[in-house]
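> below is the structure, and that's it, no one-letter string:
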Ligand SMILES: C[S@@+](CC[C@H](N)C(=O)[O-])C[C@H]1O[C@@H](n2cnc3c(N)ncnc32)[C@H](O)[C@@H]1O
């Protein structure tokens, strides 16, 4: 079970570094907003908005006649968002747990949620809340890890096989819990149960190049992955870091550290 308080502390601690080493979340936020086809004047709720990867592009898409409310339970994330987007008067923020939205029924045209639904403590409850605050016909769009993502064919190593092995082995050796727990059932199934219809899915693909192993490590420590490393016993965390740097150094020497990433976008309607 995901520990909401621990996750809030984690994101509060890393907020001012989040997405600053490399614009990973900003890139996918922009793409998700483009895929949603937002219109001028619409009213958008960005759940677990972080420092505004979706909020910013959504605010520009709905224009000054529209509204975007960014909610998050980590106050520092919203402080960083305001520092970045404070010049957009259509943006407002509220510290709120997305499991219990203190917002009226049927009050938004669009609800978005980037990279969060898949690890929340009770995604079914959050989906029920998203459904409640959407007007009839309104859109919910969210992003998360792609499960059927393309992998190097069996037997071929593109240089990243070490990472899969390291993660699996470390996960087996730790007696502590990863603070992020995946949903027990597929999110589209939970969406249908919450009353949503008409699932549309899209795999968004891009790649990111890192200057060197330290750049990759700093990026990993600036988002939720840090929660996994911090959850490990200290000796195991040190060993994990050493082996990560060894694998990254091999990739760097072989031509460069490039992450090919695939992210799942989902749209459903009330
Ligand atoms: C991986 S970040 C995603 C942020 C942003 N949506 C993006 O695409 O960059 C996850 C965010 O979810 C927030 N969060 C996690 N659990 C939450 C909860 N129960 N209620 C509100 N926000 C939550 C965190 O504080 C963090 O800002």
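Ah, there it is. For clarity, every value in this text was computed on a predicted model and none was experimentally measured. Numbering: from 1, shown residues only.
> I'd say residue 21 and residue 215 touch.
Yes: the pair residue 21 and residue 215 qualifies as a contact (C-beta atoms under 8 Å) at a distance of 6.5 Å. For every residue, glycine as well, the C-beta is placed using N, CA and C.
> of those two, who's got more company?
Neighbour count, other C-beta atoms under 10 Å: between residue 21 and residue 215, residue 21 has more, with 19 against 16.
> next, give phi and psi for the more buried one.
Per-residue torsions, residue 21: phi -80, psi -30 (degrees, to the nearest 10).
> got the residues of the stretch 1-150 of the chain near the ligand?
Counting by C-beta under 6 Å from any ligand atom, the stretch 1-150 of the chain comes close to the ligand at 4, 7-8, 11, 25, 29, 48-50, 53-54, 72-74, 77, 97-99, 114-116, 120.
> which of those fall in helices?
Assigned to helices by DSSP state H, the following of those qualify: 4, 7, 8, 11, 25, 29, 77.
> using the three-state scheme, assign the closest residue to residue 115 other than its chain neighbours.
The spatially closest residue to residue 115, leaving aside those adjacent along the chain, is residue 143, at 5.7 Å (C-beta to C-beta, 6 or more residues apart in numbering). Three states are possible here, and by DSSP: H, G, I helix; E, B strand; the rest coil the one that applies to residue 143 is strand.
> go ahead and confirm residue 206 touches residue 259.
No: using C-beta under 8 Å, residue 206 and residue 259 do not qualify as a contacting pair, with a distance of 9.2 Å.
> which one's more surrounded, the two?
Neighbours of residue 206 and residue 259, each counted by other C-beta under 10 Å, are more numerous for residue 259; the result is 16 against 13.
> identify the bridge partners of the more buried one.
Partner residues in beta bridges with residue 259, using DSSP bridges, are residue 208.
> quick revisit: compare the ones in helices among the residues of the stretch 1-150 of the chain next to the ligand and tell me which has the most neighbours.
For these, counting by other C-beta under 10 Å, the largest number of neighbours falls to residue 29: 27 neighbours.
> OK, contacts around that one?
Remark: with contacts taken as C-beta atoms under 8 Å, 6 or more residues apart in numbering, residue 29 is in contact with 52, 53, 54, 55, 56, 57, 114.
> dump the residue contacts of the nearest residue to residue 105 once chain neighbours are set aside.
Counting by C-beta to C-beta, 6+ apart, residue 132 is the residue found nearest to residue 105 once chain neighbours are left out, at 5.5 Å. Under the criterion of C-beta under 8 Å, 6+ apart, the contact partners of residue 132 comprise 101, 105, 106.
> gap between residue 132 and the ligand?
Between residue 132 and the ligand the computed distance is 16 Å (C-beta to the nearest ligand atom, to the nearest Å).
> check which helix or strand that residue maps to.
Applying DSSP states H and E as the criterion places residue 132 in helix 123-133.
> just the buried residues of that helix, please?
Neighbour-count burial for helix 123-133, counted by 16 or more other C-beta atoms under 10 Å, picks out 123, 124, 126, 127, 128, 129, 130, 131, 132, 133.
> tell me the one among the residues you listed nearest to the ligand.
residue 126 (7.6 Å; C-beta to the nearest ligand atom).
> on that earlier part again, show me which pair in the ones in helices among the residues of the stretch 1-150 of the chain next to the ligand is furthest apart.
4 and 29 (22.6 Å; C-beta to C-beta).
> returning to that earlier point: closest to the ligand out of the contacts of residue 132?
Comparing the contacts of residue 132 against the ligand with C-beta to the nearest ligand atom places residue 101 closest, at 9.5 Å.
> any stretches of the chain with poor pLDDT?
Residues of the chain meeting the criterion pLDDT under 70: 1-2, 147-157.
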